[in-house]
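Trainee: The following comprises the amino acid sequence and a computationally predicted model.
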Amino acid sequence: MSGSTYGNHLKITTWGESHGPALGVVIDGFPAGMELSEADIQEYLDRRKPGTSSVTTPRKEDDKVEILSGVFEGRTTGTPISLMIRNTSQKSADYSQIASYYRPGHADFGFDQKYGFRDYRGGGRSSGRETIGRVAAGALCSKLLKQMGITLTAYTKSIGPVSIDPERFDSSIIKDNPVCMPDADAAAKAYDYIQECRKELDSVGGVIECKIDGVPAGIGDPVFDKLDASMAKALMSIGAVKAVEVGDGVLVSKYKGSEDNDGFTSKDGKITTTTNHSGGIIGGISNGSQIILRCHVKPTPSISKEQSTVKQDGSPIDIVIGGRHDPVVVPRAVVVVECMAAITLLDAMISNMASRADYITDFYKNI
């Protein structure tokens, strides 16, 4: 299976399956000299681990990270960093029946058609548990970005019909409620809606928004490696994400040019935009404004309501999916979105260091 590596100068390769002994990530190209401990990574992993509230799967995993290589005396060495998280609560028997049929909304059929064989225990590599390696790698990238004054804030914008009110936006409560919303009133309503869906043996989707502050102008390339194109690929690679928006997103199709164009002005000796419809990226290159990304996440496909499908031989069958599943994946996917954005941005910034001759000459003159 190819396609488990992402990035250009900074590359991550995730490995492992949902019900295998462990999962992890190898990070190649990360700069040497940054202080790093397992606690730095654990903070992020704790935000996505299962069994933390009544709106997540009851599967209990500590998700404790182990640094296997690339760190010496508390600092990154510049060599490949290998991180591992062991699985401790697999119940593969829960999935034994699905080996013979294709679950609606899952990748079962596609895997069989592509490989002629699949790991049916929790979906194998197509499981949401694969994202644990992405989060571990993103924790490193976020830490280095923060040292440059760049911060990423991801949160749940909506769940089902319940959306946050921008007037009540409070970033301090994002991590304090089970749905990761920056609006306490909307969080309570979303929680109730999830419980209603659960009683109906159903699931629900939602929207995750990520805002990035402090990104300098000039990051990204103008053709195939546009910063927004790279962000879209990174976020669309998250299994449950079905659409990605940048800035005003789909709304721009309703605007006139005079309404959509971000003008420029000078403020305190610095050129800035008068509006931010573009979400901080124009022509594939950052313009110094806040970067705004939005992911639309589908409902959890594993539901307890009876559904119709077919067996591997094509014969019809009605099924009820057992096992332990999230009634909504949005809250746990918030940190995944944040981390994939961090990985993509840091990779683009490392690439940007070689975009101008004076960057190179100035760097080596100072050595």
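Mentor: Received, thanks.

Trainee: switch to C-alpha atoms for all contacts and neighbour counts from now on
Mentor: Noted.

Trainee: Surely residue 278 and residue 262 touch.
Mentor: Yes. Look at residue 278 against residue 262 with Cα atoms under 8 Å: they come within range, at 7.1 Å.

Trainee: Compare those two (neighbour count), which wins?
Mentor: The residue with more neighbours, out of residue 278 and residue 262, is residue 278; 23 against 18, by other Cα atoms under 10 Å.

Trainee: which residues of the chain fall in helices?
Mentor: Secondary structure of the chain by DSSP state H: the helices cover 38-48, 108-115, 131-147, 184-199, 227-236, 257-260, 330-352, 357-365.

Trainee: Of all those helices, which one comes closest to residue 87?
Mentor: Residue 87 lies closest to helix 131-147 among those, at 11.0 Å (Cα to Cα).

Trainee: Could I get the buried residue list for the closest one?
Mentor: 131-145 (16 or more other Cα atoms under 10 Å).

Trainee: What separation is there between residue 272 and residue 288?
Mentor: 7 Å (Cα to Cα, to the nearest Å).

Trainee: related to what we said a few turns ago, can the helices of the chain go into JSON lines with extra columns for mean pLDDT?
Mentor: As requested, those are exported to JSON lines (pLDDT from 0 to 100):
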{"stretch": "helix 38-48", "mean pLDDT": "96"}
{"stretch": "helix 108-115", "mean pLDDT": "89"}
{"stretch": "helix 131-147", "mean pLDDT": "98"}
{"stretch": "helix 184-199", "mean pLDDT": "96"}
{"stretch": "helix 227-236", "mean pLDDT": "98"}
{"stretch": "helix 257-260", "mean pLDDT": "96"}
{"stretch": "helix 330-352", "mean pLDDT": "97"}
{"stretch": "helix 357-365", "mean pLDDT": "93"}
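
Trainee: For residue 301, which of the ones you listed is the nearest?
Mentor: Nearest to residue 301 among these is helix 108-115 (11.7 Å), distances taken as Cα to Cα.

Trainee: hmm, who's touching the closest one?
Mentor: Contacting residues not belonging to helix 108-115 are listed as 102, 117, 118, 120, 123 [Cα atoms under 8 Å, 6 or more residues apart in numbering].

Trainee: In ChimeraX, how would I select just the buried ones from these?
Mentor: Buried residues among the contacts of helix 108-115 (16+ other Cα under 10 Å), as a ChimeraX selection:
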select :102,118,120,123
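
Trainee: Tell me the one of the contacts of helix 108-115 nearest residue 35?
Mentor: Lowest distance from residue 35 to the contacts of helix 108-115 (Cα to Cα) belongs to residue 123, with 35.6 Å.

Trainee: how close does the closest one get to residue 224?
Mentor: The gap separating residue 123 from residue 224 is 32 Å, by Cα to Cα.

Trainee: Now for residue 271, how many residues are close by?
Mentor: Quick note: residue 271 (other Cα under 10 Å) scores 13 neighbours.

Trainee: Please read the previous query as pertaining to residue 327.
Mentor: Neighbour count of residue 327, defined by other Cα under 10 Å: 25.
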